[in-house]
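> From the sequence below, what's the structure:
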Amino acid sequence: MSLGELSLSTLRAAATIADLGSMKRAAAALHLTQPALSYQLRRLETAAGVQLFERKPHGMTPTTAGLRFLDTAHTVLDEIDQLDNRLTRLADGVDGTLRIGSECATSYHWLGAVVQDFSRSHPSVEVSVGSEAYIRPIDAISQDRLEIALTTSPPQDNGLSVVPLFRDEIMAIVAPDHRLATRSVLSARDFADETVFVGRADNSDLLNQVLRPHGVRPRRVTEIPVTDGTIELVRAGLGVTAVAGWIVQPELEAGELVAIRITRPGLCRHWYAVTAALDARPTYVDHFLEQLREIDPERPRS
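Numbering: from 1, shown residues only. Sure thing, here's the model as predicted:
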């Protein structure tokens, strides 16, 4: 047997002998008989080609070669123990990575507070919130690039888990001196002469659920991917946008913007968190989902 063929039990046996300084005590600690432990040590010294311990009346003392060997043995055993602990914590859902993506960047307005609370109670979980899955977050779940996708369009794939979160209402947002600002409800045709700012035209609730079904084409549709930029353009009276009221709550309260209901029933949407199936996700994902269920973005900000 060469040193490269040593088992971890052999390394641990040598380390225990050195730590306890006695074959008898080491054998008891390792739940071995003394002859069995002596046999392991003989094989180890044969493989090493040198004597690793001096047998003295008061116990076992490492030789110079033994000290060198034990230094490496302790390093290897410590690394193995740390790896074992890490894998156990991963299996138990204590450690890991939680990657979150959303089809709507405005979700980050309320997501930050949830992540902050979660990180306090799960310091060993690395949370990553990004926009790399902005367009197709559901696909990112299936491709194992995200643990949680936030969406208003739940998938039909039975292999994924869909958790209902909350409902909000999309409102038309205009400047206080806009021609529509005094209206309480807008119909599809009210947008015909307007410049409409959207994040993405293909993902706009206003365009897809209200204007296009009624055959209404605004004078201009302009894509502005940054919500804050859209709000500034609307504030300047350059057009209208449609977002959830909670996104512009401070501006509404300050009288800087006006929110108007879109159609009498309202343009409402439901938010969902999509994850892998229950048996295929770490337990900390469920802990995060529990916190997500408590979200109420329309609650006044403190």
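
> all contacts plus neighbour counts: C-alpha atoms, from now on.
Noted.

> all helices for the protein, in order.
Using DSSP state H, the helices found in the chain span residues 8-20, 23-29, 34-48, 64-91, 108-121, 137-142, 205, 227-235, 249-253, 283-292.

> Of those, which stretch is the most buried?
Across the helices of the chain, the average number of neighbours (mean count of other Cα atoms under 10 Å) peaks for helix 137-142, which reaches a mean of 20.

> which other residues reach that helix?
101-103, 133, 146-151, 155, 274-276 (Cα atoms under 8 Å, 6 or more residues apart in numbering).

> Could you give the average pLDDT over stretch 58-71?
For stretch 58-71, mean pLDDT is 89.

> Next, the distance between the ends of that stretch.
23 Å (Cα to Cα, to the nearest Å).

> on that earlier part again, distance to residue 57 added to the helices of the chain, as TSV?
Shown next, in TSV, are the helices of the chain (distance: least, Cα to Cα, whole Å):
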stretch	distance to residue 57
helix 8-20	14
helix 23-29	12
helix 34-48	16
helix 64-91	18
helix 108-121	54
helix 137-142	65
helix 205	86
helix 227-235	80
helix 249-253	82
helix 283-292	54
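
> List the contacts of residue 55.
By Cα under 8 Å, 6+ apart, residue 55 lies in contact with residue 61.

> Hmm, residue 31 and residue 16 touching each other?
No - Residue 16 is beyond contact range of residue 31, at 11.6 Å (criterion: Cα atoms under 8 Å).

> what lines up beside the longest strand along the chain in the sheet?
For the chain, the strand that runs over the most residues, judged by DSSP state E, is strand 160-174. Strand partners for strand 160-174, identified by DSSP bridges, are recorded as strand 240-244 (antiparallel), strand 258-262 (antiparallel), strand 267-276 (antiparallel).

> The ones you listed: lowest mean pLDDT?
Per-stretch mean pLDDT for the strands paired with strand 160-174 is lowest at strand 267-276 (a mean of 92).

> Just want the angle from that strand to helix 283-292.
Comparing the axes of strand 267-276 and helix 283-292 via axes from the mean of the first three to the mean of the last three Cα atoms, to 10 degrees yields an angle of 160 degrees.

> Need the contact partners of strand 267-276.
Outside strand 267-276, the residues that touch it by Cα under 8 Å, 6+ apart are 138, 141-142, 147-154, 159-171, 205-206, 261, 281, 289.

> Mark which of those are buried, thanks.
138, 141, 147-152, 154, 160-166, 168-171, 205-206, 261, 289 (16 or more other Cα atoms under 10 Å).
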